[in-house]
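Participant: for reference, the sequence and a predicted model appear below.
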Amino acid sequence: RARGASCGHPDVQKHDEQIPTISVDYGFPGLPDQPATDLPFLVIKDRASKTVWSCALPSKGVENPYGSRCLLQALRETGYKRLILKSDQEHSIRALCNAAKNAFEGEVVPEAAPKENHEKSNGEAEATVKQVHGLARTFKEMVENRAKCSIPSKHPMLAWMLDHAGTMLSLYSKGEQKDGLTPYQRLKGKPWRVALPPF
């Protein structure tokens, strides 16, 4: 209810893609008392199943290997042997994609968006960044409301919320396609059956 769009923008036409596409982008929580570039997080989305992975990072790029390990793990979890890895032209995200590509056992066809018009270059991933950001912000509001506390901008809980948001979108969201399945069901062929507590 809190994150619903006022009106939908349905696709005019969909076509089957021969190679699965995985979109990748960075985001930032952007909390009021936090610098805009603090706590970067990586968002990964499988276009076919709509599965989302998100992970908070120590830094952008490949200076710390955690980001490329997160991306590589997501690529492996898809089960795809051949895929397109889509990102924008930002140097740090391309370096991350190249590091994961080099370690991936299957074939990765990198697809970089055009340099011009950055805001529209990787719209699918950028929309997913907003989804993860909104859900993590919802978790933060819920915890603060129920625990009658304020979570500081440097608290480790914020990183966990960003990771958890991607998991929740994959396990439970049904809004993007009309088949009544969650992304997890589309990817794994079975529903998620383990009851999970609130954050």
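Facilitator: Ah, there it is.
Participant: could you check how far the residue nearest the centre of the chain is from A125?
Facilitator: Nearest to the geometric centre of the chain sits V43, at 2.7 Å (CA atoms, centre = their mean). Shown here: V43 relative to A125, a distance of 6 Å by CB to CB, to the nearest Å. C-beta coordinates here come from the backbone N, C-alpha and C atoms, glycine included.
Participant: next one: F41
Facilitator: Using CB to CB, one gets 12 Å for the distance from F41 to A125.
Participant: re the thing from before, who touches both of V43 and A125?
Facilitator: Common neighbours of V43 and A125 (criterion: CB atoms under 8 Å, 6 or more residues apart in numbering): 24-25.
Participant: now the helices for this structure?
Facilitator: Using DSSP state H, the helices of the chain run over residues 66-78, 91-103, 123-147, 156-172, 183-188.
Participant: mind putting those helices in TSV, distance to R47 included?
Facilitator: Putting those into TSV (distance: least, CB to CB, whole Å) gives the following:
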stretch	distance to R47
helix 66-78	11
helix 91-103	15
helix 123-147	7
helix 156-172	14
helix 183-188	11
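Participant: okay, the ones you listed in TSV with mean pLDDT and distance to P197 next?
Facilitator: Formatted as TSV, the helices of the chain follow (pLDDT from 0 to 100; distance: least, CB to CB, whole Å):
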stretch	mean pLDDT	distance to P197
helix 66-78	96	23
helix 91-103	94	32
helix 123-147	92	12
helix 156-172	94	11
helix 183-188	94	18
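Participant: looking at the ones you listed, which is nearest to L85?
Facilitator: Closest of these to L85 is helix 91-103, at 5.1 Å (criterion: CB to CB).
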